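Colleague: What follows is a predicted structure for the sequence shown.
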Amino acid sequence: MIWLRTLTLLLLWALIAWGVQRLIGDPAGWITFSGGLVFSLLWRVWRMRAVSYWAHHPEAAPPASAGPWDDILAPLYRYTRARARELTEARATMQSMLSAAQALPDGIVTLSRDFHIEWCNRVARHHLSLSLPDDRGQNLLNLLRAPEFVAYAQSEEWSEPIIVRLTHGDQERAMMMHLAAYASDRRLLITRDVSQIEKLETTRRDFVANVSHELRTPLTVLAGFVETLRDMPPEALTDEQRSQYLGLMHEQATRMQALVDDLLTLSTLESSPVSDLRSVQAPAVLLTLRQQIEALSGGRHHFQWDIDESLDVLGAQSEMSSAMSNLLTNAVRYTPEGGTITVSWQSTPDGGARYSVQDTGIGIAAHHIPRLTERFYRVDRGRSRAVGGTGLGLAITKHIAIRHDAELVITSEVGRGSTFALQFPPERVAAD
C-alpha cells in the first residue's frame, strides 16, 4: 500500500538521521533528515515524470520501478493490455465481416432510419451507381429516383422484395431490392441483378412458344390431308392428286423430323459432358462435306476451297462435322444462284485454327447479328421456312463452339454477303 510505503520510508530516514545525530551531533541529524526528505521528493518527481510519459504512451510497458505507483500501474497496465487485445480482435472481426460483405454476390447498403447512406459494398456501388465516400450521408431516395422504390421504402412494410428497372446509359437492368430493419433504427437494403434471370425466363417462354408454333404448321397440314384422304371416297381423287397430297405430307413429316432431331441434338449438347479430346482430321471431314454440299447446291453456286491438309484439331468429330455442315448449309440456302461460297480452313498467326464460310448472299443487318444464335431466331421467317431451315442450326453451332473452346464470329453486310467463322485457340490444335 502506498501510505505504508511512505510511512516506512519516513521512519527509515528518521532512524538514519537519529543515528547521524548520535554520532556527530546537532545539526547533522536534522540536515540528514531534511536531505533524505528532499531526495525522496526528487526521486518521486522523477518517477512521476516516467509515469506521466507512460500515461501518454500506454501501449508501451510501464516503468520498471515506479515506487509507490507500482500498485496503481500494474493493474492499469493489465487492464489496458486486455482492452487492446479486445479492440484488436474486434477490429479483425469487423474487417472479416466487411470482407465477407464485399465478397457477397448481392449488393448491401446500410442506411440510417431516414435512408441516409452509411456504407455499401462494391456490388451495390455497381448496381446503384453509388460512390463512397462521396455519397456517404446522402439520402438514398434522392439518388435512386425510381418511383416504385420510393413508394416501397416509405411504406414501412417490406415483407417482400420488389423489382425495380434501372437504366445505366443505354442499358436497362432489372434489380430486385429488399429492405429490412435492424439494430432498432437502421435499415438494410439488399440488391440483386435479375436481368439475366428475366432474360432466361423470357428465352424459355419464347422457346416453348416457338416449338409449339414450328410444330403446329406441319401438324395442321398433316391433319388436314389425313382428314381429306379419310373422308373422301377413293374415286374422288385422281392418282396425281393423291400423289401430290402424299408428297406434301411427307415433306411436312420430314420437316417435323428435322426439327425434333435438332432439338434432341441441342438438348444433348447442353446436358452431356464434353467428349474425350481426340484428334479430328478436319481436312477429311471437309472433303466429305464438300461432296454433300456441292450435291445440295446442284451446280447453282461457285465454290472456292482453301484447305490446309495438315491442320487437325482436338475435339469430337461428330460435333465438328455438324458445326461445319451447318455453316455450309446456311451459305447454300441464303446465297442466290450464281453466287460464290468460299470455304477456308487455315492456321491463325497465334497458332490456332480458323474455319470460315464466306458467301455473296443477301447479307444480314447489323442489329440482327447478336441474336442469330438464339433458338428459332430468324431474320426473315418466310424465307427461312421456304429454304427449309429449323432455326436451330446456329444455336447448335454456337454450343459446339463453346464445347471446343472456340468462338463463333459473324460478320455481314446487307447486299454483300456474310462470313461465319469458327476460331479455335492454339491449345486445340493437334500436334503433328
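Modeller: Here it is on my side, so go on.
Colleague: got the buried residues for the longest strand along the chain?
Modeller: Taking DSSP state E as the criterion, the chain has its longest strand at strand 171-182. Neighbour counts over strand 171-182 (16 or more other C-beta atoms under 10 Å) mark Ala174, Met175, Met176, Met177, His178, Leu179 as buried. Where you see a C-beta, it was placed from the backbone N, CA and C, and this is true even at glycine.
Colleague: Ok, stretch 296-315 next?
Modeller: In stretch 296-315, counting by 16+ other C-beta under 10 Å, buried: Ser297, His301, Ile307, Leu311, Asp312, Val313, Leu314, Gly315.
Colleague: tell me the phi and psi of the third one?
Modeller: Think Ile307. Backbone geometry at Ile307, expressed as degrees, to the nearest 10, gives phi -120, psi 130.
Colleague: my read: it touches Ala353, true?
Modeller: No: judged on C-beta atoms under 8 Å, Ile307 makes no contact with Ala353 at a distance of 11.5 Å.
Colleague: ok, back up a step: next, give me the two most distant ones among the buried residues of stretch 296-315.
Modeller: His301 and Leu314 (31.6 Å; C-beta to C-beta).
Colleague: quick one: which of the buried residues of stretch 296-315 is nearest to Leu140?
Modeller: Here the nearest of the buried residues of stretch 296-315 to Leu140, counting by C-beta to C-beta, is Gly315; it sits at 51.3 Å.
Colleague: Just give the closest residue to that closest one, not the sequence neighbours.
Modeller: Among residues not flanking Gly315 along the chain, His404 sits closest, at 4.7 Å (C-beta to C-beta, 6 or more residues apart in numbering).
Colleague: Okay, now the unreliable bits of the stretch 51-200 of the chain?
Modeller: Where the stretch 51-200 of the chain drops to pLDDT under 70, the residues are 51-73, 169.
Colleague: Can you list the residue ranges for helices in it?
Modeller: Secondary structure of the stretch 51-200 of the chain (DSSP state H, counting those that start in this stretch): helices located at 70-103, 122-128, 140-143, 147-154, 195-231.
Colleague: Hey, what's the angle from the fourth one to strand 171-182? Just curious.
Modeller: An angle of 0 degrees separates the directions of helix 147-154 and strand 171-182 when computed by axes from the mean of the first three to the mean of the last three C-alpha atoms, to 10 degrees.
Colleague: got a list of contacts for helix 147-154?
Modeller: By C-beta atoms under 8 Å, 6 or more residues apart in numbering, the residues outside helix 147-154 that reach it are Phe115, Leu140, Leu141, Leu144, Trp158, Ile162, Val164, Met177, Leu179.
Colleague: make it 10 Å
Modeller: Residues outside helix 147-154 that contact it (C-beta atoms under 10 Å, 6 or more residues apart in numbering): 111, 115, 140-142, 144, 146, 158, 160-166, 175, 177-179, 187, 189.
Colleague: Kindly report the same for the second one.
Modeller: With C-beta under 10 Å, 6+ apart as the test, helix 122-128 has contacts from 101-110, 117, 120-121, 130-132, 135, 140, 143-144, 164, 166, 168, 173, 175, 177, 189-193.
Colleague: can you check the third one too?
Modeller: Helix 140-143 has contacts (C-beta under 10 Å, 6+ apart) with 109, 111-112, 114-117, 120, 128-131, 135, 149-150, 153-154, 187, 189.
Colleague: buried stuff in that helix?
Modeller: Neighbour counts over helix 140-143 (16+ other C-beta under 10 Å) mark Leu140, Leu141 as buried.
Colleague: Over to the longest one?
Modeller: When burial is assessed from 16+ other C-beta under 10 Å, helix 195-231 yields the following buried residues: Asn210, Val211, Glu214, Pro218, Val221, Leu222, Phe225.
Colleague: and it, what does it pack onto?
Modeller: If you count contacts as 3 or more C-beta pairs under 10 Å, 6 or more residues apart in numbering; DSSP states H and E, helix 195-231 packs onto strand 162-168, strand 171-182, helix 239-271, helix 381-387.
Colleague: Which of the three states applies to the residue lying closest to Ile369 once chain neighbours are set aside?
Modeller: Spatial nearest neighbour of Ile369, chain neighbours left out: Ile410 (5.3 Å); criterion: C-beta to C-beta, 6+ apart. Under DSSP: H, G, I helix; E, B strand; the rest coil, the three-state class of Ile410 is strand.
Colleague: Show the contacting residues for the residue nearest the centre of the chain.
Modeller: Taking C-alpha atoms, centre = their mean as the criterion, Pro105 is the residue nearest the geometric centre of the chain, at 8.4 Å. When contacts are counted by C-beta under 10 Å, 6+ apart, Pro105 touches Val123, Arg192, Asp193.
Colleague: now it: how far from Ile190?
Modeller: Separation of Pro105 from Ile190 (C-beta to C-beta, to the nearest Å): 11 Å.
Colleague: what's the helix or strand for the residue nearest to Arg278 when sequence neighbours are not counted?
Modeller: Once flanking residues are discounted, Arg278 sits nearest to Leu314: 6.7 Å by C-beta to C-beta, 6+ apart. Using DSSP states H and E, Leu314 sits in strand 313-315.
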